[in-house]
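**Q** For reference, the sequence and a predicted model appear below.
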Amino acid sequence: MSGVSALDDARHGINAEEHTPLLSGTPAGHALPPSVSPIPDYATKQLSEEAANESPEDSGVKPRDPKPCCTRRRCCCCGLCLIVFAGLAAVGIFYVYSPIVLPLIVSPCVDVDRTAVRRYPMLLKLDGNVPPAPAIPPGAPAEPVIASVGRSTVDLEWELPENEGTATIVMFQVQWRSHDDWPDVPQLNVTDVHVTATDLLGNVTYCFQVRAVSSAGFGNFSDPACNTTLLPTAPDLPTAVFPVGTSRTGFTAAIELGADNGDPISAVVVEYEEVAGGRSENVGASWEVGCLVEPPCGARGEPCTCTVSGLAVGKAYQVRCRTNNSIGDSEWTKPVKWHTDYTNAKVPAMPTHLSQKYSTSSAFTVKWTPPRVDGGAMVLGYRLQSALVNATHWITDSNSTSTEHAIEGLLGNTVYCVRVQAFNSAGLGPWSTPNNTVGGVNCFRTDSPKAPGIPVLLPLPLGASGTSITVGWTVPPANGRAITNYTLQRDDWWVDGPLSTVFEGDDTQFTADQSMLPATVYHFRVRASNAVGDSEWSDVANYSTDQAGHCGNPSDVAVYKRTKSSMKREIQTCLIKCALDPHQEDCVKNCIQTNVGLTQPCGSCWYEEGMCTLKHCAFPCKIPGSDKCTQCSEQNCFPACVACSGIPKEFFPP
């Protein structure tokens with residue numbers, strides 16, 4: 001039954017529920033393809049209302065039986081028209097315009113109610129009927145591999161999922177549990193395929209699972225991998241103990257904790273004993289607990305602090321520290337000699353013997369000796385400044401509790417002067433030297449500058465779409481001259497082009513979005529430059545664009561590239577071949593799939609392109625090869641085809 005018959009049925013009051021109106025070429029009893037919309041409800045309602053007020057005689061339309069396409073008279077016309085159409089096609093009319101010319105030429109052979117089509121244009125095939133391609137999140141990675149297990153750590157590795165979905169993976173989420181329930185929020189977001197889980201308990205079974213994340217959404221978690229951490233032990237001894245405050249009757253100690261070895265540290269203990277006669281050795285006095293701190297403390301690498309009070313003025317003491325957990329105690333730290341402030345304490349003297357320990361083209365390390373006189377209060381730290389030789393402006397580099405410090409970010413083969421001052425509870429002491437003249441004992445030269453180190457491309461892209469990839473890279477050592485430029489190169493998969501420059505600048509990330517296809521792997525490399533020269537190129541990293549539309553998938557994109565010189569001709573042939581087929585759309589899609597290799601959803605986009613041109617550009621395309629015809633189709637139909645296919649217009653067949 002033709003579309004005109006459906007129109008007649010509606011006009012003659014046939015119940016739409018018993019006899020569903022179909023588009024032209026769809027036989028009764030057959031379901032419409034997913035990409036084909038039936039006559040809209042509002043059109044059916046309008047037709048039914050008109051049918052109620054209009055008789056067949058008034059309408060001028062009589063019920064009629066289907067007639068064969070070609071009577072003797074029509075066959076002549078048909079044959080002549082097809083010959084003319086074939087001739088037009090032979091001179092290179094773009095296949096998109098074929099559906100316009102074809103109905104106009106072969107219309108004597110087609111049973112079409114032109115008045116009805118003009119009055120109810122919604123009965124024509126509308127552009128945009130192909131539903132959007134679904135966004136599919138990544139699949140689940142395989143079960144992760146537990147590479148190593150400690151008392152409080154587990155090293156985890158995994159592979160990319162076999163099915164990455166329709167978008168590029170930009171992150172992984174890792175979560176673990178030690179009981180039946182998984183946490184509500186994953187503990188870690190990582191941009192690599194390995195991670196170390198820390199702060200775990202010893203002798204506890206943990207299960208780990210991983211999922212991938214892309215712009216299409218969150219993938220499913222992998223199957224869990226489980227293992228038991230090692231038996232916990234007593235904690236390691238603290239890594240450092242130093243004073244951060246003093247008074248005449250006490251002092252405050254800062255303690256940097258050691259590893260808890262699988263069982264949380266429950267206490268930090270500071271003990272002291274008086275040193276008789278000011279001597280550092282133990283002369284028999286007993287150790288006393290000065291203070292005890294119960295964690296949590298020392299979060300994010302910060303030390304714990306503990307204040308000892310009630311001591312004698314100006315007295316020397318030995319101080320030691322240890323930690324404990326439920327398993328036992330750590331070893332004691334090596335005793336250090338401290339003293340309370342004397343009455344009328346003053347600022348310390350200047351540090352001495354400031355010298356260079358070692359240097360590179362962009363940094364050097366200096367060391368010094370503590371002041372000979374601390375002014376009657378313990379030295380709590382040092383303030384360090386540096387400047388170019390003969391400069392009048394000093395830059396404060398750091399406050400340090402150590403007697404050596406690395407100054408970084410310097411220019412190569414350049415003289416820098418350094419000064420340091422000590423401070424105590426009374427204030428800041430004098431600088432180590434009053435000037436910074438060339439050749440002075442406190443001025444040092446960096447090594448000769450070199451080209452920068454090699455930047456490293458991140459293992460996963462920072463973002464991606466169907467036509468773009470955002471890549472990032474690490475900042476390498478400058479080696480004595482500031483990095484002024486990064487050069488990023490990318491290959492051109494479409495023409496098998498070599499790596500070529502797509503970005504030059506000082507940013508450490510770039511979005512490549514020129515001439516890129518969906519579902520395509522591109523290769524990148526980067527290098528850094530400074531005034532001395534260029535670094536070596538980084539290792540090549542491979543990133544993929546997201547899938548997009550119905551054609552922007554690995555299979556169809558490969559067909560686009562392989563058949564770019566013949567696709568136009570093959571699609572044109574399919575449109576001509578199927579013009580009179582009662583199942584025109586299915587015929588075109590099957591033909592394109594067989595002759596070109598595109599999937600049927602992709603073929604639907606090109607079928608829609610032809611129907612869109614027929615709807616919008618019939619008048620300007622009376623001359624199919626004209627500029628007006630081309631402009632009309634590109635303006636009205638190409639955007640929909642780009643959205644449907646996911647393929648940028650520049651990659652349409654020439």
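**A** The structure has been received and is ready for your questions.
**Q** Summarise which helices and strands the strand or helix carrying S555 is packed against.
**A** Taking DSSP states H and E as the criterion, the element that holds S555 is helix 554-562. With contacts taken as 3 or more CB pairs under 8 Å, 6 or more residues apart in numbering; DSSP states H and E, helix 554-562 sits against no other helix or strand. To be clear about C-beta, it is placed using only N, CA and C from the backbone, and glycine gets the same treatment.
**Q** what about that helix, average pLDDT?
**A** Helix 554-562 carries an average pLDDT of 96.
**Q** Would you mind pulling the contact partners of that helix?
**A** By CB atoms under 8 Å, 6 or more residues apart in numbering, the surrounding residues in contact with helix 554-562 are 493-494, 517-520, 547, 550-551, 567, 596-599, 602, 647, 651, 653.
**Q** For the helix or strand that it is followed by, buried residues please.
**A** Later in the chain than helix 554-562, the nearest helix or strand by DSSP H and E is helix 567-577. For helix 567-577, burial by neighbour count (16 or more other CB atoms under 10 Å) applies to M567, K568, R569, E570, I571, Q572, T573, C574, L575, I576.
**Q** go on, stretch 287-303?
**A** Neighbour-count burial for stretch 287-303 flags G290, C291, V293, P295, G298, P303 (criterion: 16+ other CB under 10 Å).
**Q** Return the distance of it from the chain's centre.
**A** In terms of CA atoms, centre = their mean, to the nearest Å, the centre of stretch 287-303 is found 40 Å from the chain centre.
**Q** what does it rub up against?
**A** Residues outside stretch 287-303 that contact it (CB under 8 Å, 6+ apart): 240, 253-257, 264-273, 304-308, 319-320.
**Q** Quick one: end-to-end distance for that stretch.
**A** Counting by CA to CA, to the nearest Å, you get 23 Å between the two ends of stretch 287-303.
**Q** mean confidence score for that stretch?
**A** Stretch 287-303 comes out at a mean pLDDT of 82.
**Q** Give me the distance between the two termini of stretch 525-538.
**A** Termini of stretch 525-538 sit 6 Å apart (CA to CA).
**Q** what do you get for stretch 404-412?
**A** Using CA to CA, the end-to-end distance of stretch 404-412 comes to 21 Å.
**Q** got it, and stretch 488-503?
**A** With CA to CA as the measure, stretch 488-503 spans 5 Å from end to end.
**Q** So, low pLDDT: which residues of the stretch 501-650 of the chain?
**A** 624-625 (pLDDT under 70).
**Q** again, but for the chain
**A** Scanning the chain for pLDDT under 70 picks out 1-129, 277-285, 298-300, 434-441, 624-625.
**Q** Look up how far G219 lies from L230.
**A** L230 sits 32 Å away from G219 when distances are taken as CB to CB, to the nearest Å.
**Q** Mind checking which of those two has more residues around it?
**A** G219 (24 against 14; other CB atoms under 10 Å).
**Q** ok, the more buried one touching G139?
**A** Yes: using CB atoms under 8 Å, G219 is in contact with G139, at 5.9 Å.
**Q** Overlap of the contact sets of these two?
**A** Residues touching both G219 and G139 (CB under 8 Å, 6+ apart) are P161, G165, A212.
**Q** The residues you listed in strands, which ones?
**A** Under the assignment DSSP state E, the shared contacts of G219 and G139 contribute A212 to strands.
**Q** which one of the shared contacts of G219 and G139 sits closest to C612?
**A** Distance to C612 across the shared contacts of G219 and G139 (CB to CB) is lowest for G165, with 29.8 Å.
**Q** who's in contact with that closest one?
**A** Per CB under 8 Å, 6+ apart, neighbours of G165: A135, I136, P137, P138, G139, S214, A216, G219, Q547.
**Q** same thing with I136?
**A** G165, T166, A167, A216, Q547.
**Q** Likewise for S330?
**A** Taking CB under 8 Å, 6+ apart, we find S330 in contact with A234, P235, D236, L237, P238, G258, R322, T323, N324.
**Q** follow-up on the earlier one: how about a markdown table for the contacts of G165, with distance to V502 added?
**A** What follows is these, written out as a markdown table (distance: CB to CB, whole Å):
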| residue | distance to V502 |
| --- | --- |
| A135 | 27 |
| I136 | 28 |
| P137 | 29 |
| P138 | 27 |
| G139 | 31 |
| S214 | 23 |
| A216 | 25 |
| G219 | 30 |
| Q547 | 22 |
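**Q** For PyMOL, write the selection for the buried entries among those residues.
**A** In PyMOL, this line selects whichever of the contacts of G165 come out buried by 16+ other CB under 10 Å:
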select buried, resi 136+137+138+139+214+216+219+547
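**Q** partner residues bridging A253?
**A** Taking DSSP bridges as the rule, A253 bridges to P243, C306.
**Q** isn't it right up against T305?
**A** Yes: counting by CB under 8 Å, T305 is a contact partner of A253 at 6.9 Å.
**Q** Quick check: neighbours shared by the two?
**A** Common contacts of A253 and T305 (CB under 8 Å, 6+ apart): V244.
**Q** the more surrounded of the two?
**A** Taking other CB under 10 Å, A253 and T305 do not tie; A253 has more neighbours (27 against 17).
**Q** Skip the chain neighbours and tell me the closest residue to P498.
**A** Nearest residue to P498, sequence neighbours excluded (CB to CB, 6 or more residues apart in numbering): D491, at 6.3 Å.
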